[in-house]
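Undergrad: take this sequence and fold it.
(2 chains, ligands or ions: 2)
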2 protein chains.
Amino acid sequence: MWTNVKSFLKKRTPAQVIVGYYALAITVSVLLLRIPAVHKNGVEIPFIDSVFTAVSAVSVTGLTVINISETYSVFGIFVLMAILQFGGIGVMTLGTFFWLLLGRKIGLKERRLIMVDQNQTSLAGLVNLIKDILKIILLIELIGTLILGIYFLNYYSNWQDAFFHGLFASISATTNGGFDITGQSLEPYANDYFVQLINIILITLGAIGFPVLIEVKQFLIKKESQQAFRFSLFTKLTSITFLALLVFGTVVILLLEWRHAFANETWHKSFFYALFQSASTRSGGLATIDVSNFSQATLIVMSGLMFIGASPSSVGGGIRTTTFALNILYLWHFAKGNRHIKIFRRELHEDDIRKSLAVTMLAFALCTTSLVALSISEDHSLMELMFEICSAFGTTGFSMGITSELSSFGKIVIMILMFIGRIGLLSFLFMIGGKEEKTNYHYPKERVIIG
Amino acid sequence: MWTNVKSFLKKRTPAQVIVGYYALAITVSVLLLRIPAVHKNGVEIPFIDSVFTAVSAVSVTGLTVINISETYSVFGIFVLMAILQFGGIGVMTLGTFFWLLLGRKIGLKERRLIMVDQNQTSLAGLVNLIKDILKIILLIELIGTLILGIYFLNYYSNWQDAFFHGLFASISATTNGGFDITGQSLEPYANDYFVQLINIILITLGAIGFPVLIEVKQFLIKKESQQAFRFSLFTKLTSITFLALLVFGTVVILLLEWRHAFANETWHKSFFYALFQSASTRSGGLATIDVSNFSQATLIVMSGLMFIGASPSSVGGGIRTTTFALNILYLWHFAKGNRHIKIFRRELHEDDIRKSLAVTMLAFALCTTSLVALSISEDHSLMELMFEICSAFGTTGFSMGITSELSSFGKIVIMILMFIGRIGLLSFLFMIGGKEEKTNYHYPKERVIIG
Ligand SMILES: [K+]
Ligand SMILES: [K+]
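TA: Numbering: from 1, shown residues only, chains lettered A, B, ... in the order given. Ligands and ions are numbered 1, 2, ... in the order given. Have a look, this model is predicted:
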């Protein structure tokens, strides 16, 4: 059986494996969510809404056309948690696997990013890798559940309720699922900074990317045995970008809402509102405030942050933090008239720059096309539609409240965006695109006027 | 004196010359528009509105915070026409000059784009070039004035009025100025397809770029003497993109408004509405219909078309048609896994691709930043602000009617956009940026995960 799987996987491109995994996961999820027992007594929802919930859960987005706590039974919520796990961990695993394959293609030196196993690109290596990812994520979720569960004893009268909510909150935060069973996201905890901090930490651990987690683990092991360790360029770039976006978002939301949505709040509550919503734009999607209270300027900035999304090989979507960082570095060096992009005493590869620029532009084209499409089918303002589209593409799950009002066509558009946002535009492209063309002829080069 | 000018110009970069010319033109225009005689009796306008009109006229945008026909005297309107001429022809000349300098830098072979003179990059060559441009543009305007002036005898009771309106319409269309003295753009001619066709032709001749005009002239001369002639890659690319955008815009506007703004119109009137507004998004800015009647989807598409703008070395703004074409070609070849971009049996230069991508992204960043800024300072919807911003950056001059309601801060933002849109982001960058950095050291390359 292993040999069959092995030979099947060998014939597939990584992109095909990732897309295939997701298509399969969505199909299974839809089937699961059509089991009558997942619903509360007497509740029935249309087929397209089950599909929407499945896509939203598999892509760990959290946009929803129905109220989860009013629709699903306890069994249903356990099914939802299972789907979130497969959605979140699935792409993390496959994304990392994809990176390994890429690494194999470009030489031994670059492979060191994931230092788990010499034999890592074999099927055994993949299994070890999946085990490693599962271990780390389940450990994070377990600790999260324990902390939140114990703490929730303050909120719930019995330990079953407290730990049920703790478990759901922990999984929803770590997988960046963005779903809630409170009916109003984390708004009930708007005054509880402890719950917010735990959620921010869980969201960040899920969204910062598996390669970073594993390098940190490796760093700690090496440190113990006093060996030298260098973080990869990827880890440095993505972590710093992640932190920079968090700080930027917090400062901007705080400044823009200081005299607006936060006008009647204390400074610390305002700060936590800003911090939590900023952290959540990476891809968490949980909210401690109704975002439609925010001003247009804040909503545009948040749309941009969601469009950027989380780090590669994480539970998040969007164009990814590295892509954004490479764009910025490219533009900065271009404006300075500098061809070679140097950072952290390393030089970036031209192909990576090319990819970043292409991914960003294609993502922009995709979102703009969706904007036109939804403008035709829906009766909502540009701001509401843009926010919803960026949220779907970034698999964030924030909404100004229009998700449940979408037409069937609108739901399909949002589902496609969640799907592509989750698997990544690059994987999506590699799936639909062909192989590298080999051409032996060249035409004379000719210059044209730009801009 | 010539030697002084020559040595002065030699010490400046082309970008500095272009930006300097514009800064000077705006200053002179403001001074001219503060002469009391330019206003109608008893009319006084605030200083910032004079500055706004000057920037709008020099950048041939046509956005206006005042009603031209109610504000300016006949003398004032002649001043305005003069400013439009200097604005429109100025950058056309300087843009072409810039291209020549660029051409000189990259070798003799590429220089052939402008085949006016062997000695073209000298000051004498520049003077010849300016003469050539002036001849072509003035000839176009003269013919336009004659046709429109004679035709306007149907609309006006005396020949002075007819030719005054014909002259203004011809200059406003050819320079893509977008101003009107009717008080409601070309809406009075909504049923007059002849006037619309003449305007479309004049707008197109102004916006298609001077290198194209001069190559066509050269083609006709060579054809007469039966010599071989090859159009440059630039001319082919920009002309086809121009045409493609015109057709795309017409079809999309027609489809989206068929049952909406055009619901009660005949098919031919609908077609002309679509055609005219599409042609006008290149940078003309004249309208035969109040664009705020259009649906949100149409307005988004028009915003995109205005953002793209006109061809380089033309009277228009935006990221330019070539930049857009190169982006599309890049993405297309990237998706197919093809590194070398071949088109019309020529290969594009990597540096041009790099520039196109950078210009587009920077333009996008500029417009998004403006969108956030205007969202803070103004009380308008995202759609209205986005439309206004794209119109300013593309120096198009369409508006959903919010220009006169802008705050002073908002007016300044729009002025900056018109200025940068007109001189081109690349020139703007080269002005503020430094020289190409020369580095003799390299770091090891390291790959990162993208998207
Ligand atoms: K999410
Ligand atoms: K214009």
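Undergrad: pLDDT score for the most centrally placed residue in chain A?
TA: Residue closest to the mean C-alpha point of chain A, counted by Cα atoms, centre = their mean, is A:Gly316 at 0.9 Å. Looking at A:Gly316, its pLDDT is 88.
Undergrad: how much space separates it from ligand 2?
TA: The spacing between A:Gly316 and ligand 2, counted by Cβ to the ion, to the nearest Å, is 42 Å. Any C-beta I mention is one placed from the backbone N, CA and C, and that applies to glycine too.
Undergrad: can you tell me the SS state at that residue?
TA: Counting by DSSP: H, G, I helix; E, B strand; the rest coil, the backbone at A:Gly316 sits in coil.
Undergrad: and for A:Leu286?
TA: For A:Leu286, the assignment made with three-state DSSP gives coil.
Undergrad: report how many residues lie close to the closest residue to it other than its chain neighbours.
TA: Once its chain neighbours are removed from consideration, A:Leu286 has its nearest residue in A:Leu186; the separation is 4.9 Å (Cβ to Cβ, 6 or more residues apart in numbering or on different chains). Per other Cβ atoms under 10 Å in any protein chain shown, the neighbour tally for A:Leu186 reads 22.
Undergrad: give the contact list for A:Leu186.
TA: Neighbouring residues of A:Leu186 by Cβ atoms under 8 Å, 6 or more residues apart in numbering or on different chains: A:180, A:195-196, A:199, A:276, A:286-288.
Undergrad: can you rerun that using 7 Å?
TA: Residues touching A:Leu186, when contacts are defined by Cβ atoms under 7 Å, 6 or more residues apart in numbering or on different chains, comprise A:180, A:199, A:286-288.
Undergrad: contacts for the strand or helix carrying A:Ile389?
TA: With elements delineated by DSSP states H and E, A:Ile389 resides in helix A:382-393, which encompasses its position. The contact list for helix A:382-393, computed with Cβ under 7 Å, 6+ apart, reads A:61, A:63, A:296, A:299, A:303, A:306-307, A:317-318, A:363, A:367, A:370-371, A:374-375, A:378, A:397-400, A:402-403, A:414, A:417-418, A:421, B:296, B:381-383, B:386.
Undergrad: among those residues, which are in helices?
TA: Counted as lying in helices by DSSP state H, out of those, are A:296, A:299, A:303, A:306-307, A:363, A:367, A:370-371, A:374-375, A:414, A:417-418, A:421, B:296, B:382-383, B:386.
Undergrad: what's the next secondary structure element after the lowest-mean-pLDDT helix or strand in chain A?
TA: Across the helices and strands of chain A, mean pLDDT, DSSP states H and E gives its lowest value to helix A:108-111, namely a mean of 36. Next in sequence after helix A:108-111, counting helices and strands by DSSP H and E, comes helix A:123-152.
Undergrad: tell me the buried residues in that next one?
TA: Along helix A:123-152, these residues count as buried under the neighbour rule (16 or more other Cβ atoms under 10 Å in any protein chain shown): A:125-126, A:129-130, A:132-133, A:136-137, A:140-141, A:143-145, A:147-149, A:151-152.
Undergrad: what about the closest residue in space to A:Thr182 that isn't next to it in sequence, neighbour count?
TA: Counting by Cβ to Cβ, 6+ apart, A:Pro188 is the residue found nearest to A:Thr182 once chain neighbours are left out, at 5.5 Å. A:Pro188 is flanked by 14 other residues according to other Cβ under 10 Å.
Undergrad: double-check that A:Pro188 belongs to a helix.
TA: Yes: when classified by three-state DSSP, A:Pro188 is found to be part of a helix.
Undergrad: how about the helix holding A:Ile389 and ligand 1, touching?
TA: No: contact check for helix A:382-393 against ligand 1, using Cβ under 5 Å from the ion: none in range, with a minimum separation of 8.4 Å.
Undergrad: identify all contacting residues around stretch A:229-247.
TA: Stretch A:229-247 is touched from outside by A:113, A:208-209, A:211-212, A:215, A:218-219, A:222, A:278-279, A:282, A:305, A:308, A:311, A:321-322, A:324-325, A:344, A:346, B:446, B:448-449, with contacts defined as Cβ under 7 Å, 6+ apart.
Undergrad: pLDDT of it, averaged?
TA: For stretch A:229-247, the per-residue pLDDT averages 89.
Undergrad: how about it: buried residues?
TA: Using 16+ other Cβ under 10 Å as the burial criterion, the residues of stretch A:229-247 that qualify are A:231-239, A:241-242, A:245-246.
Undergrad: using PDB, write out the CA atom coordinates for that stretch.
TA: This file holds the C-alpha atoms of stretch A:229-247, laid out as PDB (Å, rounded to 0.1, in the frame of the first residue of the first chain):
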ATOM      1  CA  PHE A 229      23.000  27.900  15.000                       C
ATOM      2  CA  ARG A 230      22.000  30.400  12.300                       C
ATOM      3  CA  PHE A 231      18.400  31.200  11.600                       C
ATOM      4  CA  SER A 232      17.500  31.000   8.000                       C
ATOM      5  CA  LEU A 233      16.900  34.100   5.900                       C
ATOM      6  CA  PHE A 234      13.300  32.900   5.500                       C
ATOM      7  CA  THR A 235      12.800  32.800   9.300                       C
ATOM      8  CA  LYS A 236      14.300  36.200   9.900                       C
ATOM      9  CA  LEU A 237      12.400  37.800   7.000                       C
ATOM     10  CA  THR A 238       9.000  36.300   7.900                       C
ATOM     11  CA  SER A 239       9.300  36.900  11.600                       C
ATOM     12  CA  ILE A 240      10.400  40.500  11.300                       C
ATOM     13  CA  THR A 241       7.600  41.200   8.800                       C
ATOM     14  CA  PHE A 242       5.100  39.500  11.000                       C
ATOM     15  CA  LEU A 243       6.100  41.700  14.000                       C
ATOM     16  CA  ALA A 244       6.300  44.800  11.900                       C
ATOM     17  CA  LEU A 245       2.800  44.300  10.500                       C
ATOM     18  CA  LEU A 246       1.500  43.600  14.100                       C
ATOM     19  CA  VAL A 247       3.000  46.900  15.400                       C
END
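Undergrad: return the distance of it from the chain's centre.
TA: Here stretch A:229-247 is found 16 Å from its chain centre; the criterion is Cα atoms, centre = their mean, to the nearest Å.
Undergrad: surely A:Leu80 and A:Thr71 touch.
TA: No: with contact defined as Cβ atoms under 7 Å, A:Leu80 does not reach A:Thr71; the gap is 10.0 Å.
Undergrad: who has more neighbours, those two?
TA: A:Leu80 (26 against 20).
Undergrad: which SSE is the more buried one in?
TA: Taking DSSP H and E as the definition, A:Leu80 sits inside helix A:74-105.
Undergrad: avg pLDDT for that helix?
TA: Mean per-residue pLDDT for helix A:74-105: 74.
Undergrad: count of neighbours near A:Gly76?
TA: Neighbour count for A:Gly76, taken as other Cβ under 10 Å: 21.
Undergrad: so what's it up against?
TA: By Cβ under 7 Å, 6+ apart, the residues touching A:Gly76 are A:38-39.
Undergrad: how close does it get to chain B?
TA: 34 Å (Cβ to the nearest Cβ, to the nearest Å).
Undergrad: please apply the same query to A:Leu425.
TA: From A:Leu425 over to chain B the distance is 5 Å, taken as Cβ to the nearest Cβ.
Undergrad: kind regards, and thank you for your time.
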